[in-house]
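Trainee: Need a 3D model of the sequence below.
(one chain, ligands or ions: 1)
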Amino acid sequence: MKVLIINGPNLSRLDIRDSAIYGDLSYPQLVEFISSAARELGLDADIRQSNEESEIIGWLHEAADSNSPVIINPAAFTHYSYAIRDAAELVKAPLIEVHLSNPLAREEFRHTSVISGVANGTIGGFGPDSYALALRALVKLLKK
Ligand code: DQA
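Mentor: Okay, the predicted model is just below:
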C-alpha cells in the first residue's frame with residue numbers, strides 16, 4: 001500500500017533549525033528514518049517536501065483522486081492555511097497530521113491547528129517517532 005507523506009516549509013532545513021526543538025536528524029536522515037519505518041510495516045512511503053502552499057494543495061488533490069492515505073506535517077501552514085485545510089478535507093482515505101515538536105508546548109501562535117479538524121488524528125512531540133507512530137496508526141485505520 002502506498003502512503004503519501006507530505007512535509008511543509010522549512011522542514012528540508014532541519015540541519016540548520018534549532019536542534020533543541022527539532023532534534024539532530026537532517027532532512028535526508030528523516031526521510032531515511034520514515035522510509036524504513038514504512039517498509040517495516042509493509043507500506044511504500046512516497047515522501048515529499050515543499051515550501052509552497054500551492055504545491056502541497058496539488059499533492060492533496062492527487063491523494064484525493066487516487067484515494068491514497070496521507071501523513072502530513074504542514075509545518076507553519078498548520079497554523080493558518082485554510083487552503084491546505086480545504087484540500088486535506090477532500091482526502092477520503094485516512095489523513096494523519098504529525099509534528100516533530102509539540103506545538104502546544106511552544107509559542108501561542110502554534111497552539112492553533114486549522115488542519116486537525118479534518119485529520120483522523122494528530123501526533124506531535126516525539127521527534128521522528130511522530131511519523132513512525134502515525135504510520136502504525138495508519139495501518140490500523142486501513143484495516144478497519
Ligand atoms: C512543526 C511545528 C510548526 O509549528 C513549525 O512551524 C514547523 C514544524 C513540527 O514538526 O514540529 O515548521 O510542524
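
Trainee: all helices of this protein, in order?
Mentor: 19-22, 27-40, 53-66, 82-89, 129-143 (DSSP state H).

Trainee: Just list what the longest one packs against, helices and strands only.
Mentor: By that I understand helix 129-143. Counting contacts by 3 or more Cβ pairs under 8 Å, 6 or more residues apart in numbering; DSSP states H and E, helix 129-143 is packed against strand 2-7, helix 27-40, strand 70-73, strand 95-99, strand 121-124. In short, each C-beta sits where N, CA and C put it, glycine included.

Trainee: sorry, back to before: can you add mean neighbour count, distance to the ligand and mean pLDDT and give the helices of the chain back as TSV?
Mentor: Shown next, in TSV, are the helices of the chain (neighbours: other Cβ atoms under 10 Å; distance: least, Cβ to the nearest ligand atom, whole Å; pLDDT from 0 to 100):
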stretch	mean neighbour count	distance to the ligand	mean pLDDT
helix 19-22	13	7	95
helix 27-40	16	10	98
helix 53-66	17	13	98
helix 82-89	18	12	98
helix 129-143	18	7	98
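
Trainee: Of those helices, which is nearest His99?
Mentor: helix 129-143 (6.1 Å; Cβ to Cβ).

Trainee: what sits up against the closest one?
Mentor: 1, 3, 5, 30, 33-34, 37-38, 41-43, 45, 69, 71, 73, 94, 96, 98-100, 120-121, 123-124, 126 (Cβ atoms under 8 Å, 6 or more residues apart in numbering).

Trainee: Buried among those? Need that as a selection in PyMOL.
Mentor: Remark: buried members of the contacts of helix 129-143, expressed as a PyMOL selection using 16 or more other Cβ atoms under 10 Å:
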select buried, resi 3+5+30+33+34+37+38+43+45+69+71+73+94+96+98+99+100+120+123+124+126
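
Trainee: before we move on, back to that, may I see the helices of the chain arranged in TSV, with distance to Arg110 as well?
Mentor: Below are these laid out as TSV (distance: least, Cβ to Cβ, whole Å):
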stretch	distance to Arg110
helix 19-22	11
helix 27-40	20
helix 53-66	18
helix 82-89	16
helix 129-143	15
